[in-house]
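A.B. asks: Quick one, structure for this:
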Amino acid sequence: MCLDHHQPPPSHVARRGVLATAMALAGASLLAGTAEAADRTPTPDRKAPGTGPAPSGGTLVIDGGTLLDPLTGEVTADSVVVIVDGTVRAAGSRDATRRARAALRAGVSVVGAHGRWVLPGLVDAHIHITSLSEAGTALRQGATSVRSGSTTFYQDIAVRELARWAPDRAPRTRAAGLFVTPDLGDTILADPDLAPLARLKDGVRSSEALRRVVDVNLNRGADVIKTRVNDRAGLPDQDPLRQVYNRDQLATVVAAARRRGAGVLCHSYSEQGCRDAVLAGIRSLEHGVFVAEDTLHEMRRRGTYFTPTLTAIAGLAESDDPVLAARGREFLPVLRQAVCTAHDMGVPLAAGTDSAGGQIDPIGGEVVLMQQAGLPALDAIRTATTAAARLTGLSGSAGRLAQGFRGDAVLLAGNPLEDITAVRTPSAVISNGVVVGT
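C.D. replies: Residues are numbered from 1 along each chain as shown. The predicted model follows:
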């Protein structure tokens, strides 16, 4: 059973990504014209960006901290983590890492971690990074890997490539490209292959139009596809329970993505919308405030992930807009209960802040909110480590500090199993074996 941690959200939580990027994606209306499906075949797959070899990562030793393995829950005091060329060579007790340390060349950098806890770098499974500043902020706050929740002009693909070459500047990124939404707004200018959609009077709704946006995203190098089933919660003049795509339309998006090996994350709020999205075959349900118990059972059966973005909904409750504030106060306790129920049922949960627009919230804050929703501390930590790594396709390289994993780590001033708030403000962050500057 979930623990009783239903505490009010921290007072510092401000407006979130559900507000910050809404206007950009709502944008200008598509040009009116003859309602016809785009008849051009999408261009052949373009060469994926950044296919050349990137420089190897850093080499260093994290010495003396208390190491937590989220997978097993094992705690190792006075531990050593050896990272060579960006990859963990050994992690554990001094005895277990002796051979790896002996093989190091002289003068290797040592990060002293005595008195601190050492965790793997955290994973933010829903974030909107559109600038260098935002990328750096997310990384410094402990998100060494992220999954994009879409951007307006493929900035997330550029961030992904930046992270390959400069891991101290940006988190490793799984890019979603453009939001597959009925009204593309200004994002129709992101790629010339989207121009034929401007003639569609009803927007991106036909099977042909939906497949085109998916294909353009994947041709540009997107790793995943983001779509929606409901309107936005962060705009006071929209009803977040109104359904904008039906199950068949969502299934078209899912099938187009799967055909080329990509999963789909789906923005959702209403009970029916959540169910339609899950039955359409999405990979993860985003927000999901009013998800019903029978839909959670279906998610458990299918292995569909739940990314509740508690940070974003808590931010609504603190909005200066009375409509949004009332909406947030209504939604937050419902979502907390949904998270607790999902956890009890065994539905996989992943942490995501839905940060955007210059307001990048720490992924550790989402972990805190997970615990306050009723998860034990270790399970809350798993939502931003092992579970989020599995969701994002990084389970072999993120979420743990173990041999063969990427050298991503956060150092914490306190024991997060006793005081979960320690994850909110890491005292040091290491990305691909490189210490991230403050």
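
A.B. asks: Any stretches of this protein with poor pLDDT?
C.D. replies: Residue ranges of the chain with pLDDT under 70: 3-52, 438.

A.B. asks: what's the spacing between the most centrally placed residue in it and Ala380?
C.D. replies: Centroid check for the chain by CA atoms, centre = their mean gives Ala125 as the closest residue, at 1.6 Å. Plainly put, Ala125 is 14 Å away from Ala380 if you go by CB to CB, to the nearest Å. Using the backbone N, CA and C atoms, a C-beta is placed for each residue, glycine as well.

A.B. asks: now swap in Asp124 and tell me
C.D. replies: Summarising the geometry, the distance separating Asp124 from Ala380, computed by CB to CB, is 14 Å.

A.B. asks: Mind listing the residues bridging to His287?
C.D. replies: With beta bridges defined as DSSP bridges, His287 has these partners: Ser268.

A.B. asks: Near it, how many residues? Count them for me, please.
C.D. replies: 31 (other CB atoms under 10 Å).

A.B. asks: ok, now Ala198?
C.D. replies: Residues contacting Ala198 under the criterion other CB under 10 Å number 15.

A.B. asks: all helices for the protein, in order.
C.D. replies: Using DSSP state H, the helices assigned to the chain run over residues 17-20, 22-26, 98-102, 132-140, 155-165, 207-219, 247-258, 271-280, 293-302, 310-317, 322-345, 363-372, 377-382, 386-391.

A.B. asks: Which positions in the fifth one come out as buried?
C.D. replies: Of the residues in helix 155-165, those scored as buried under the neighbour-count criterion (16 or more other CB atoms under 10 Å) are 155-164.

A.B. asks: contacting residues for Gly437?
C.D. replies: Listed by CB atoms under 8 Å, 6 or more residues apart in numbering, the contact partners of Gly437 are 140, 168.

A.B. asks: again, only using 7 Å
C.D. replies: Each residue near Gly437 by CB atoms under 7 Å, 6 or more residues apart in numbering is listed here: Asp168.

A.B. asks: and Arg94, how far is that from Gly64?
C.D. replies: When distance is defined by CB to CB, Arg94 is 9 Å away from Gly64.

A.B. asks: right, I mislabeled it, should have said Gly234
C.D. replies: Distance check for Gly234 against Gly64: by CB to CB, it reads 44 Å.

A.B. asks: before we move on, what about Gln238?
C.D. replies: Separation of Gln238 from Gly64 (CB to CB) stands at 52 Å.

A.B. asks: Could you do Ala342 as well?
C.D. replies: 38 Å.

A.B. asks: of the two, who's got more company?
C.D. replies: Ala342 (26 against 18).

A.B. asks: The more buried one and Pro348 touch, don't they?
C.D. replies: No. Ala342 is not in contact with Pro348 according to CB atoms under 7 Å; the separation is 8.5 Å.

A.B. asks: shared neighbours, the two?
C.D. replies: Residues touching both Ala342 and Pro348 comprise Phe306, with contact defined as CB under 7 Å, 6+ apart.

A.B. asks: quick revisit: as TSV, the helices of the chain with distance to Ile225 would be great.
C.D. replies: Supplementary listing: the helices of the chain in TSV, determined by distance: least, CB to CB, whole Å:
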stretch	distance to Ile225
helix 17-20	18
helix 22-26	15
helix 98-102	40
helix 132-140	21
helix 155-165	12
helix 207-219	6
helix 247-258	4
helix 271-280	12
helix 293-302	17
helix 310-317	20
helix 322-345	23
helix 363-372	22
helix 377-382	25
helix 386-391	14
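
A.B. asks: quick one, phi/psi of the closest residue to Ser133 other than its chain neighbours?
C.D. replies: In space, and not counting its chain neighbours, Ser133 is closest to Gly358: 7.4 Å by CB to CB, 6 or more residues apart in numbering. Backbone torsions for Gly358, taken as degrees, to the nearest 10, come to phi 90, psi -10.

A.B. asks: which residues does Val213 contact?
C.D. replies: Applying CB under 7 Å, 6+ apart, we find Val213 in contact with 178, 180, 204.

A.B. asks: do you know how far it is from Leu184?
C.D. replies: Taking CB to CB as the measure, Val213 falls 8 Å from Leu184.

A.B. asks: which neighbours do these two share?
C.D. replies: Contacts common to Val213 and Leu184, judged by CB under 7 Å, 6+ apart, are Val204.

A.B. asks: can you give me the strands in the stretch 1-150 of the chain?
C.D. replies: If DSSP state E, counting those that start in this stretch is used as the criterion, the strands of the stretch 1-150 of the chain fall at 60-63, 66-68, 75-76, 80-84, 87-92, 109-112, 117-120, 122-127, 143-148.

A.B. asks: Show me what counts as buried in the first one.
C.D. replies: Buried positions in strand 60-63, judged by neighbour count with 16+ other CB under 10 Å: 60-63.
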